[in-house]
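Undergrad: curious how this folds, go ahead:
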Amino acid sequence: MASSTSEFNALGYSIWSSLEAKVCAKAHKTVESLKRALIKAWKETPLEMLRKVIDDFPKRLNACIEA
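TA: Okay, the predicted model is just below:
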């Protein structure tokens, strides 16, 4: 079974989807607009969410190793 690299990337499996949902809620006409929206969404990401993702990451790696 092939695994995607997002399984081994805390941003890929959890945080990015949250950022993407916020940022893509409206269309951006320029790359600069998109960048500003991403930065804003990142700054608004709760620290508790980031801590949980980091704390859960070893469990995720172990599950991949077992699979």
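
Undergrad: may I ask you to name the longest helix in this protein?
TA: Using DSSP state H, we find that the single longest helix of the chain is helix 47-66.

Undergrad: would you mark the buried spots in that one?
TA: Applying a neighbour-count criterion of 16 or more other Cβ atoms under 10 Å, one finds 53, 60 buried in helix 47-66. From N, CA and C alone the C-beta is placed, and that goes for glycine too.

Undergrad: from the contact counts, what lies against it?
TA: Helices and strands touching helix 47-66, as assessed by 3 or more Cβ pairs under 8 Å, 6 or more residues apart in numbering; DSSP states H and E, comprise helix 10.

Undergrad: could you give the average pLDDT over the longest helix of the chain?
TA: Averaged across helix 47-66, the pLDDT comes to 87.

Undergrad: can you check stretch 20-39 too?
TA: Rounded mean pLDDT across stretch 20-39 is 95.

Undergrad: show me the contacts for residue 18.
TA: Counting by Cβ atoms under 8 Å, 6 or more residues apart in numbering, residue 18 makes contact with 41, 45, 49.

Undergrad: next, the angle from the helix or strand hosting residue 38 to helix 47-66.
TA: Residue 38 is part of helix 31-43 when elements are defined by DSSP states H and E. On the basis of axes from the mean of the first three to the mean of the last three Cα atoms, to 10 degrees, helix 31-43 is oriented at 90 degrees to helix 47-66.
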